[in-house]
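Novice: coords below, sequence missing:
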């Protein structure tokens, strides 16, 4: 991949998560990773009836705020609140191909969201793996990939956390070849 990836931290994303993603995404995509200054996502994107934030509105805000239509980067927003699209109860992430912009929420990826009682070490390992998987998945969409039927491919649709955990962060051979064309 030739385009740099710009990570946009939204609200209070943990610096350790940003560092982890920067290192791992550099390895996976073999490109420069930049981390922008944090951006505050206000209550105007919050839906109190759902107790969630509208992912489409946040992504559109980022596109306008950063003038992403005119820039040659892949943009990845990282948010710490639960997100949805009007047609789904929740989403782990959302992406557009033009501009190359995506958003993930770390909220439902955290085992503590479900009151999981894992050890702290196991909790963090699982949490970070899920964040990486969803980041790679959404970046894959910005690069033109659609959902893959292979349940082990990172581009497989995740309807549940179990789907995310099964697929991991690696592209299948077919999707990997599609990215490099």
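Specialist: Looks like it came in fine. Remember, it's a predicted structure, so these values are computed and weren't measured experimentally.
Novice: which of the residues in the longest helix that the chain contains are buried?
Specialist: Of all segments of type helix in the chain, defined using DSSP state H, the longest is helix 120-142. In terms of neighbour count (16 or more other CB atoms under 10 Å), helix 120-142 has its buried residues at 124, 126-142. Just so you know, the C-beta spots here come from the backbone N, C-alpha and C atoms, and that holds for glycine as well.
Novice: Which strands or helices does that helix pack on?
Specialist: For helix 120-142, the packing partners by 3 or more CB pairs under 8 Å, 6 or more residues apart in numbering; DSSP states H and E come out as helix 15-29, strand 74-79, strand 93-96, strand 101-105, helix 161-167.
Novice: Go again with 10 Å.
Specialist: strand 5-9, helix 15-29, strand 74-79, strand 93-96, strand 101-105, helix 161-167, helix 173-179 (3 or more CB pairs under 10 Å, 6 or more residues apart in numbering; DSSP states H and E).
Novice: Could you dump the ones you listed into CSV with mean pLDDT added?
Specialist: Shown next, in CSV, are those (pLDDT from 0 to 100):
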stretch, mean pLDDT
strand 5-9, 95
helix 15-29, 96
strand 74-79, 95
strand 93-96, 95
strand 101-105, 96
helix 161-167, 91
helix 173-179, 93
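Novice: among those, which is nearest residue 39?
Specialist: Ranking these by distance to residue 39, with CB to CB as the measure, places strand 5-9 first at 5.9 Å.
Novice: what are the pairing partners of that closest one, and which direction each?
Specialist: strand 33-35 (parallel), strand 74-79 (parallel) (DSSP bridges).
Novice: Just after the first one, pick out the following helix or strand.
Specialist: Right, strand 33-35. Next along the chain after strand 33-35, taking DSSP states H and E as the criterion, comes strand 46-47.
Novice: packing partners for that next one?
Specialist: Secondary elements touching strand 46-47 (3+ CB pairs under 10 Å, 6+ apart): strand 52-54.
Novice: contact partners of the strand it packs on?
Specialist: Outside strand 52-54, the residues that touch it by CB atoms under 10 Å, 6 or more residues apart in numbering are 10-11, 41-47, 60-61, 79, 81-86, 89-91, 94, 103, 105, 107.
Novice: buried set for it?
Specialist: Across strand 52-54, burial judged by 16+ other CB under 10 Å covers 52-54.
Novice: same question, stretch 169-177
Specialist: Buried, per 16+ other CB under 10 Å, within stretch 169-177: 169, 171-172, 175.
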